[in-house]
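1. Please work out how this folds:
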Amino acid sequence: MSRRRVVVTGLGLVSPVGVGVQPSWEALVAGRSGVGPITQFDASTFPTRIAGEVKDFDPGAFMDRKEARRNDRFIQFALAAAEMAMRDSGLDMAKEDPEKVGCIVGAGIGGLGTIEENAKVFAAKGVRKISPFFIPSLIINLAPGQISIRYGMKGPNFSPVSACATGNHSIGDALLYIERGMADVIVAGGCESTITELGMGGFCAARAMSERNDAPEKASRPFDKDRDGFVAGEGAGILVLEEFEHARKRGARIYAELCGYGATADANHVTSPAPAGEGGQRAMRMALRDAGLAPEAVGYINTHGTSTPQGDVAECQGINAVFGAHARGGLVVSSTKSMTGHLLGAAGGAEAVIAILALTHGVVPPTINVDSQDPECQLDVVPNVARQKALDVVMSNSFGFGGTNAVLIFRRV
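-> Next up is the predicted model:
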């Protein structure tokens, strides 16, 4: 059976730099940070008091008040980004076979805010005051579940959970389902909302986050020698993926072809990357083989680039190993986490949207806050200012706790 081609026909994005694809993209190209003081709870006693919060998000623009109350914030983000992507795609479910339309959307942690809220209610008032919507509001697969209910999608429906690689695994798995003919259309991506007392407290306890509280917009600084940890973010990134002929026949606008997917494990450590980014190397090579492309074909990589001391070096070493001389002349990379913070389970979905926009606009968003580039991060990281660059192929990397790696490749159609 010949391999079916898979293309992107819709984009949706909720991020700390904007609600919507266009406002987010404009902010990223301008190099604007979405990181600021935490407003969702009193963080005054926390070592880290900053985050990339989604600002001015009105769930009422995407769902009625009752639906909003019954769903954790991470599901609200997923529904909003899916609505954007579906509108963008022009897909009319009334004209589709619902059994051939699916939804694969994951999160790294899920409804942590809902868990905290109901734990407090339970402690204060007892078991009978726990919300009947407690479980459906917190479990991760209710993000794709709610999307499928809204649109009547009866195809594959589930949630990968792989920490910061979740969004890429969701999109990559959707590619495989469509290639095999198990679906014609899949809404795929990631969502997350864990800027809560426990979420932030846990990462603080792990000493993983930046403590640059006096200059929030400068705190996320991938590849800079003075980086001191990642900045937590939240949001959702959703794609509409479609079999090429199906999209062509209905006259859909096609952004790009999803042509390569790689997924590997470090099998090394819970939080530290394998030496020289060995697991990430294998994922990048796997994605290139899957796409049938030489390394030299890739013009831009949206890196995982979290602003952690070990992670950034390992990824740069991995990219240099895979791309060789091309990494030192021709290839550019950047980390948009420098502006959004790290969206955890939503990162892969959001950064896939951003990589596709870079491809279609011929503009590479910058890595901001690179004041003095770490000599161990020897790549062109597009420091501080966006750059015009004609692109035919882009890559997006996502690596997660547990040593899980997922890489996507998109190309111009």
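2. tell me which residues of the helix ranked longest in the chain are tucked away?
-> Longest among the helix segments of the chain by residue count, using DSSP state H, is helix 73-89. By neighbour count on 16 or more other C-beta atoms under 10 Å, the buried set for helix 73-89 is 73-86, 88-89. All C-beta spots, glycine's among them, are computed from the backbone N, C-alpha and C.
3. cool, and stretch 41-54?
-> With burial defined by 16+ other C-beta under 10 Å, the residues of stretch 41-54 counted as buried are 43, 46, 48-54.
4. Now that stretch - C-alpha only, PDB.
-> Output of stretch 41-54 as PDB, limited to C-alpha atoms (Å, rounded to 0.1, in the frame of the first residue of the first chain):
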ATOM      1  CA  PHE A  41      -2.300  32.900  42.900                       C
ATOM      2  CA  ASP A  42      -0.200  34.500  45.600                       C
ATOM      3  CA  ALA A  43       3.400  33.500  44.700                       C
ATOM      4  CA  SER A  44       5.100  35.900  47.100                       C
ATOM      5  CA  THR A  45       6.700  33.100  49.200                       C
ATOM      6  CA  PHE A  46       7.900  31.100  46.100                       C
ATOM      7  CA  PRO A  47      11.500  31.100  44.900                       C
ATOM      8  CA  THR A  48      10.100  31.600  41.400                       C
ATOM      9  CA  ARG A  49       7.300  34.200  41.100                       C
ATOM     10  CA  ILE A  50       7.100  34.500  37.300                       C
ATOM     11  CA  ALA A  51       5.500  32.600  34.500                       C
ATOM     12  CA  GLY A  52       4.200  32.800  31.000                       C
ATOM     13  CA  GLU A  53       0.500  33.100  31.700                       C
ATOM     14  CA  VAL A  54      -2.100  33.400  29.000                       C
END
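5. contacting residues around the helix-or-strand element of the chain with minimal mean pLDDT?
-> Lowest by mean pLDDT, DSSP states H and E among the helices and strands of the chain is helix 65-69, with a mean of 94. For helix 65-69, contacts defined as C-beta atoms under 8 Å, 6 or more residues apart in numbering pick out 59-60, 76, 79, 133.
6. buried sites along that helix?
-> 67-68.
7. all helices in this protein, in order from the N-terminus.
-> 21-30, 65-69, 73-89, 112-125, 134-138, 142-151, 166-179, 197-205, 244-249, 278-291, 309-323, 337-340, 347-361.
8. Now for Val381, how many residues are close by?
-> When neighbours are counted by other C-beta atoms under 10 Å, Val381 registers 24.
9. quick one: Val14 from Phe133, how far?
-> Val14 sits 22 Å away from Phe133, going by C-beta to C-beta, to the nearest Å.
10. Then Phe41?
-> According to C-beta to C-beta, Phe41 and Phe133 sit 21 Å apart.
11. what's the domain layout of the chain?
-> Per automatic domain parsing, the domain ranges recorded for the chain read 7-249, 260-411.
12. re earlier: pull the distance from the longest helix of the chain to the chain's centre.
-> Helix 73-89 sits 14 Å away from the centroid of its parent chain (C-alpha atoms, centre = their mean, to the nearest Å).
13. How about stretch 248-260?
-> The chain centre lies 20 Å from the centre of stretch 248-260; the measure is C-alpha atoms, centre = their mean.
14. C-alpha coordinates for that stretch, PDB please?
-> Extracted in PDB, the C-alpha atoms of stretch 248-260 (Å, rounded to 0.1, in the frame of the first residue of the first chain):
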ATOM      1  CA  ARG A 248      -7.200  19.000  -2.300                       C
ATOM      2  CA  LYS A 249     -10.600  17.700  -3.400                       C
ATOM      3  CA  ARG A 250     -12.400  20.100  -1.000                       C
ATOM      4  CA  GLY A 251     -10.200  23.000  -2.100                       C
ATOM      5  CA  ALA A 252      -8.600  23.500   1.300                       C
ATOM      6  CA  ARG A 253      -5.700  25.900   1.800                       C
ATOM      7  CA  ILE A 254      -2.600  23.800   2.600                       C
ATOM      8  CA  TYR A 255       0.000  25.300   4.900                       C
ATOM      9  CA  ALA A 256       2.600  22.500   4.700                       C
ATOM     10  CA  GLU A 257       3.100  18.700   4.500                       C
ATOM     11  CA  LEU A 258       3.900  16.800   7.700                       C
ATOM     12  CA  CYS A 259       6.400  14.500   6.100                       C
ATOM     13  CA  GLY A 260       8.600  13.200   9.000                       C
END
